[in-house]
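Enquirer: sequence and predicted structure are below.
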Amino acid sequence: MQDLIGDVQRDTKREAFVKRLFQWDLAIRQFRKVEMRRVILQPPAEPDLRYHALCLHALLAIGHALSIQARQFKPEELDLFGVKHDEINAYVSELEQSFREWHHGFAEAEIEEARRGIFVAAA
């Protein structure tokens, strides 16, 4: 009986984890839609960039937590839901890359100077 209870508890934990993972995935997809409209397709306003950074921070925090939580489960347990440990980590890495691309800390003048140096040197 104890084994059965343990199995049910583990299944419940795994299902709750996968539910949180899928909710995070949905949040990212919605974020990417807004990002496209407000940051990529037009020059972003300062508040848009600040909210963009805030959202990325939140999504990254959740993603890192999910990556840690995923380690509780064997690969075959997550395979039942089409989830792989490496895919979660790759998703987090993709968000980190987006953060670095948009929120790197360089002033616009520094970026422009680098562009001129790179493209003039290439010519």
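Expert: Yep, it's here.
Enquirer: what is the biggest helix by length in the chain packed up against?
Expert: Counting by DSSP state H, the longest helix found in the chain is helix 2-35. Helix 2-35 sits against helix 46-70, helix 75-79, helix 85-102, with contacts defined as 3 or more CB pairs under 8 Å, 6 or more residues apart in numbering; DSSP states H and E. All C-beta spots, glycine's among them, are computed from the backbone N, C-alpha and C.
Enquirer: now for the last one, which elements pack on it?
Expert: Counting by 3+ CB pairs under 8 Å, 6+ apart, the packing neighbours recorded for helix 85-102 are helix 2-35, helix 46-70.
Enquirer: which outside residues touch it?
Expert: 21, 25, 28, 39, 49, 52-53, 56-57, 59-60, 63-64, 66-67, 70-71, 75, 78 (CB atoms under 8 Å, 6 or more residues apart in numbering).
Enquirer: buried sites along it?
Expert: Across helix 85-102, burial judged by 16 or more other CB atoms under 10 Å covers I88, Y91, V92, L95, S98, F99.
Enquirer: go on, stretch 3-23?
Expert: Across stretch 3-23, burial judged by 16+ other CB under 10 Å covers R14, F17, V18, L21.
Enquirer: can I get those residues in JSON lines with pLDDT?
Expert: JSON lines is the format used below for those (pLDDT from 0 to 100):
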{"residue": "R14", "pLDDT": "92"}
{"residue": "F17", "pLDDT": "95"}
{"residue": "V18", "pLDDT": "95"}
{"residue": "L21", "pLDDT": "97"}
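Enquirer: okay if I get these as JSON lines plus distance to A109?
Expert: Below are the buried residues of stretch 3-23 laid out as JSON lines (distance: CB to CB, whole Å):
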{"residue": "R14", "distance to A109": "51"}
{"residue": "F17", "distance to A109": "46"}
{"residue": "V18", "distance to A109": "47"}
{"residue": "L21", "distance to A109": "41"}
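Enquirer: identify, from those residues, the entry nearest to E112.
Expert: If you rank the buried residues of stretch 3-23 by distance to E112 using CB to CB, L21 comes first, at 40.4 Å.
Enquirer: ok, for that closest one, nearest residue in space, not its chain neighbours?
Expert: Residue nearest to L21 in three dimensions, not counting chain neighbours: L66, with 5.6 Å by CB to CB, 6 or more residues apart in numbering.
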